[in-house]
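**Student:** Sequence first, then the predicted structure, then my questions.
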Amino acid sequence: MRCKPSVLACLLAATFGLSATAQAMTVGFSQIGSESGWRTSETESIKAEAQQRGIELKFSDAQQKQENQIKALRSFIAQGVDAILLAPVVETGWDQVLKEAKDAGIPVVLVDRGVKVKDEGLYLTKVASDFVEEGRLAGSWLAAETSGKCDLVELQGTVGSSAAIDRKTGFAQVVDLFPRMHVLRSQSGDFTRAGGKMVMESFLKAENGGKGLCAVYAHNDDMALGAIQAIKEAGLKPGKDLKVISIDAVPDIFKAMAEGETNATIELSPNLGGPAFDAIDAAKAGKAVPKWIKVQGPLYLPDTAAAEYQRRSQ
Ligand code: GZL
């Protein structure tokens, strides 16, 4: 039991054996930033879930800087929160601050991305999709779509992030099975529309205006939407001259798909707050919690794009 500033509430809880969850829990949430439509949806979803559960959520937007996330975690620890949610911008550099949280008896739940740490006991669980599987699914779709013959370019996510590293790994595992599929160029667009557009412009310039290119694989929809803009400005038809596949399933990608400008997207649910808060409750009740609470999503194609856009943009 952690006694918070309201000592009376704490003493009453201790006296009547109320758990931290019966008291309004306080959870610190260190969010990466607002780099993509998906990230914004994730933030809104976790805030709404906390409100619905009567959880006091202390929110910190790191503007995509790890040092800001580490500062936020230290502030949450100093405030004596009951638990911490962390969406780690990159995989490494977390051991020390996670040890400080563990020493303070504060469980940390990773949401949407993972970390590489010496001791996995430093965090309670990870609520995230399998990025390697997402990459494999994207590669398999493209191989089928092109009968295993495609010279393509790749827009990677944030350098050092588990999402970018693993989506690249999974995609390459499939492409390597097809001698006539080649990733000609691969570079980070940092998961943003602007980044995707800028990098795609450089790819098109370097590849004869894109004439020989068969497809672009973008690690998220926002970079794909930026790339679509660049492809159109180069006088080519995205979705036809170049196949486009990406990940997230944000509403705007379905609009582009319905207009024939992109060909496939893989869904990543932004609703990670529920499983995260359930894991915290389970841990506080002394129940076992798996190290990875896996979130899965289907692949969407143009035949349902208009209906999906309608449903998701209400
Ligand atoms: C994946 C998440 C990625 C999204 C991007 O879980 O970390 O970061 O795919 C976001 O849209 O920027």
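**Tutor:** Noted; the coordinates are in hand.
**Student:** Return the residues in contact with the residue nearest the centre of the chain.
**Tutor:** Centroid-nearest residue in the chain, with Cα atoms, centre = their mean: Asp112, separated by 4.6 Å. Going by Cβ atoms under 8 Å, 6 or more residues apart in numbering, Asp112 touches 42, 87, 127-129, 163, 268, 272. For glycine as for every other residue, the C-beta is placed from the backbone atoms N, C-alpha and C.
**Student:** could you dump these to a markdown table with secondary structure and neighbour count?
**Tutor:** Listed next are the contacts of Asp112 as a markdown table, based on DSSP: H, G, I helix; E, B strand; the rest coil; neighbours: other Cβ atoms under 10 Å:
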| residue | secondary structure | neighbour count |
| --- | --- | --- |
| Glu42 | helix | 23 |
| Ala87 | coil | 24 |
| Val127 | strand | 24 |
| Ala128 | strand | 22 |
| Ser129 | strand | 22 |
| Ala163 | helix | 24 |
| Leu268 | coil | 24 |
| Leu272 | coil | 24 |
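**Student:** which among the residues you listed gets closest to the ligand?
**Tutor:** Using Cβ to the nearest ligand atom, Ala163 is the member of the contacts of Asp112 that lies nearest the ligand, at 4.1 Å.
**Student:** so the closest one sits right up against Gly157, yeah?
**Tutor:** Yes: with contact defined as Cβ atoms under 8 Å, Ala163 reaches Gly157; the gap is 5.1 Å.
**Student:** Return every residue with contacts to both of the two.
**Tutor:** Taking Cβ under 8 Å, 6+ apart as the contact criterion, the residues that touch both Ala163 and Gly157 are 191, 219-220.
**Student:** I'd like those as CSV, with pLDDT and neighbour count appended.
**Tutor:** Output for the shared contacts of Ala163 and Gly157, formatted as CSV (pLDDT from 0 to 100; neighbours: other Cβ atoms under 10 Å):
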residue, pLDDT, neighbour count
Phe191, 98, 28
His219, 98, 32
Asn220, 98, 33
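**Student:** So which residues on the chain come close to the ligand?
**Tutor:** 35-36, 38-39, 112-113, 163, 191, 220, 222, 247-248, 268 (Cβ under 6 Å from any ligand atom).
**Student:** I'd like the list of those residues that fall within helices, please.
**Tutor:** Among these, the residues falling in helices (DSSP state H) are 38-39, 163, 222.
**Student:** biggest separation within these, which pair?
**Tutor:** Ala163 and Asp222 (12.5 Å; Cβ to Cβ).
**Student:** For this protein, which segments are assigned as strands?
**Tutor:** Using DSSP state E, the strands of the chain run over 26-31, 56-61, 83-86, 108-111, 125-129, 149-156, 180-188, 215-218, 243-248, 264-267, 292-295, 299-300.
**Student:** Mind putting those into TSV with mean pLDDT?
**Tutor:** Shown next, in TSV, are these (pLDDT from 0 to 100):
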stretch	mean pLDDT
strand 26-31	98
strand 56-61	98
strand 83-86	98
strand 108-111	98
strand 125-129	98
strand 149-156	98
strand 180-188	98
strand 215-218	98
strand 243-248	98
strand 264-267	98
strand 292-295	98
strand 299-300	98
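**Student:** how about a markdown table for those, with distance to Asp95 added?
**Tutor:** What follows is those, written out as a markdown table (distance: least, Cβ to Cβ, whole Å):
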| stretch | distance to Asp95 |
| --- | --- |
| strand 26-31 | 16 |
| strand 56-61 | 20 |
| strand 83-86 | 13 |
| strand 108-111 | 12 |
| strand 125-129 | 16 |
| strand 149-156 | 25 |
| strand 180-188 | 25 |
| strand 215-218 | 32 |
| strand 243-248 | 29 |
| strand 264-267 | 31 |
| strand 292-295 | 19 |
| strand 299-300 | 36 |
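**Student:** one step back: most neighbours out of the ones in helices among the residues of the chain next to the ligand, which is it?
**Tutor:** Greatest neighbour count in these, by other Cβ atoms under 10 Å, goes to Asp222: 30 neighbours.
**Student:** Not counting its neighbours along the chain, what's nearest that residue?
**Tutor:** Once flanking residues are discounted, Asp222 sits nearest to Ser36: 4.1 Å by Cβ to Cβ, 6 or more residues apart in numbering.
**Student:** looking at it, the one you found is touching Gly189, isn't it?
**Tutor:** No: if you go by Cβ under 8 Å, Ser36 and Gly189 don't touch, sitting 10.5 Å apart.
**Student:** follow-up on the earlier one: what's the local residue count around the residue nearest to Asp222?
**Tutor:** Neighbour tally, Ser36, other Cβ under 10 Å: 25.
**Student:** so who does it touch?
**Tutor:** 191-193, 220-222, 248, 250.
**Student:** and if you look at Gln64?
**Tutor:** The neighbourhood of Gln64, defined by Cβ under 8 Å, 6+ apart, consists of 32-33, 35, 89, 158, 190.
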